[in-house]
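1. Sequence and predicted structure, then a few things I'm wondering about:
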Amino acid sequence: MSLIIDARAASYSGEAVRIIAATDTKKGIILIQDMAKWSEPTKFDANTVIVTDTPTVFDHWQLCFDEAKHMQTVMRAYQTVRSAGLIRLKDTVRRYDPTNVIQMRKIDERGRVEEFDSSSINNGHLAVLLAVWASRTMYGGNIITMPDVPAVAQINGKQVDDDDDMLLPMSI
């Protein structure tokens, strides 16, 4: 299944930016396609996910970015997609490649600790990051709900399938 991601960012430096991306929710691939007019009203569409850092500006959105809560998750999502080669940026949006504003801070027992160069990150970089975050969120949701994956789990070594009258603990 393919979804369109409409990522809008305005809380960082520079003018507000709107990025349009497409993602294949089965393969996890994301294509950052183009820019669009930021001020265009949002429209509900079953195949479009709107993600923003300014939820009070729009009538409709599915994902809202809160820097304090989500920045580490957004960065991990981007690093995962980049490392796996699942992201493509068209030439029209290449200037907003987040790789240009990520710097390694240190290496500790958990691995590399990276952060954004706060003097360089702008709304375009954030819009790309938000598109990747939305893509990974949709990809993760697709993996959980894929109908062709049998619902089989193991609890304490015992196989549990759909026929058992047992509820499984779950967190999304």
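-> Cool, got the structure. Numbering: from 1, shown residues only.

2. Okay, helices next: where are they in this protein?
-> 67-84, 123-145 (DSSP state H).

3. Present these as CSV; the columns should include mean neighbour count, mean pLDDT and distance to Y96.
-> Every C-beta, even on glycine, is put in place using the N, C-alpha and C of the backbone. Formatted as CSV, the entries for those read as follows, by neighbours: other Cβ atoms under 10 Å; pLDDT from 0 to 100; distance: least, Cβ to Cβ, whole Å:
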stretch, mean neighbour count, mean pLDDT, distance to Y96
helix 67-84, 15, 89, 12
helix 123-145, 22, 78, 3
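
4. For T52, find the nearest of those.
-> Set against T52 and scored by Cβ to Cβ, the helices of the chain come closest in helix 123-145, at 7.3 Å.

5. What part of the chain, helix or strand, is modelled with the least confidence?
-> Across the helices and strands of the chain, mean pLDDT, DSSP states H and E gives its lowest value to strand 153-155, namely a mean of 39.

6. so where is this protein shaky, pLDDT-wise?
-> Counting by pLDDT under 70, the chain contains low-confidence ranges at 1, 112-114, 139-172.

7. which stretches of it form strands?
-> Counting by DSSP state E, the chain forms strands over residues 2-9, 17-24, 29-36, 48-52, 63-64, 87-89, 102-108, 111-116, 153-155, 158-160, given from the N-terminal end onward.

8. ok, residues contacting the fifth one?
-> In other words, strand 63-64. With contacts defined as Cβ atoms under 8 Å, 6 or more residues apart in numbering, strand 63-64 is touched by 49-53, 55, 130, 133-134, 137.

9. Kindly recompute the last result at 10 Å.
-> Residues from elsewhere that reach strand 63-64 (Cβ atoms under 10 Å, 6 or more residues apart in numbering): 5, 7, 49-56, 58, 70, 130, 133-134, 137-138.

10. Next: stretch 88-97.
-> Contacts made with stretch 88-97 from outside it, assessed by Cβ under 10 Å, 6+ apart, are listed as 9, 14, 17, 19-22, 29-35, 82, 87, 98-100, 121-129, 131.
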